[in-house]
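Engineer: Output the structure for:
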Amino acid sequence: MRTYRPLILAAAAAASLIAGCASYRFTSRVPEELRSIAVPVFENESGFPEIDAVVTQYVLREFQREGTFKISGLDNASFKLLGKLDKTDMQSLNIDRNSGSHTSEYRYGLVARITLIERSTGKLLIDDMPIKANTTFLTHGDMLTGLQDAYPRIAKELSRAIADAVLAQWPAQP
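Structural biologist: Just a heads-up that it's a prediction; the model follows:
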């Protein structure tokens, strides 16, 4: 009988663990009837061409990946997320002294300002909130190509921060 004691204790522990987790659910805090969102193309006042389309695409992907919201058209969505890319900065990180002291690596920062509107009431849930993302890129002698290679990385970081900011508008349910 003693040889079965560890097995019985392990089974009891497993049963307790399963019973303790029985009420745990993976659900969203957003009410079911409000789980649709429209994301028009972001305005681009950053001074960098095409970044608006890339950021908008990544924001849509992030909402699809996260799974709470269904992407809808402006007429059918519960919420409308407006975005404007308005600030960028670049800082030199590494200077290549072998090629005439040209910068070979930059830090690229991008700020988006987002507004979240409940479409049926016009209520502002987020009003012009700044969201910032950073990445680095190498130039290899061609600044424009290096910057364009950084677009997907900075858009991915920015899109995650935007989705987090939107989802944070609903308090945790007890």
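Engineer: which regions of the chain lie under the pLDDT threshold?
Structural biologist: For the chain, the stretches with pLDDT under 70 are 1-4, 6-28, 91-104, 141, 143, 172-174.
Engineer: report the longest helix in it, please.
Structural biologist: The longest helix of the chain (DSSP state H) is helix 143-167.
Engineer: Any buried residues in that helix, and which?
Structural biologist: 146-148, 150-151, 153-163, 165-166 (16 or more other C-beta atoms under 10 Å). Every residue, glycine included, has its C-beta placed from N, CA and C.
Engineer: And for stretch 84-92, what's in contact with it?
Structural biologist: 42-48, 51-52, 55, 103, 105-114, 130 (C-beta atoms under 8 Å, 6 or more residues apart in numbering).
Engineer: go again using 10 Å as the cut-off
Structural biologist: Residues from elsewhere that reach stretch 84-92 (C-beta atoms under 10 Å, 6 or more residues apart in numbering): 42-48, 51-52, 54-56, 102-115, 128, 130, 132, 134, 136-137, 143, 147, 150, 154-155, 158.
Engineer: Okay, and which of those residues map to helices?
Structural biologist: 51-52, 54-56, 143, 147, 150, 154-155, 158.
Engineer: and those, which two are the farthest apart?
Structural biologist: 56 and 143 (24.0 Å; C-beta to C-beta).
Engineer: With distance to residue 30 added, can I get the ones in helices among the contacts of stretch 84-92 in CSV?
Structural biologist: Below are the ones in helices among the contacts of stretch 84-92 laid out as CSV (distance: C-beta to C-beta, whole Å):
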residue, distance to residue 30
51, 28
52, 26
54, 26
55, 22
56, 21
143, 42
147, 36
150, 32
154, 27
155, 24
158, 21
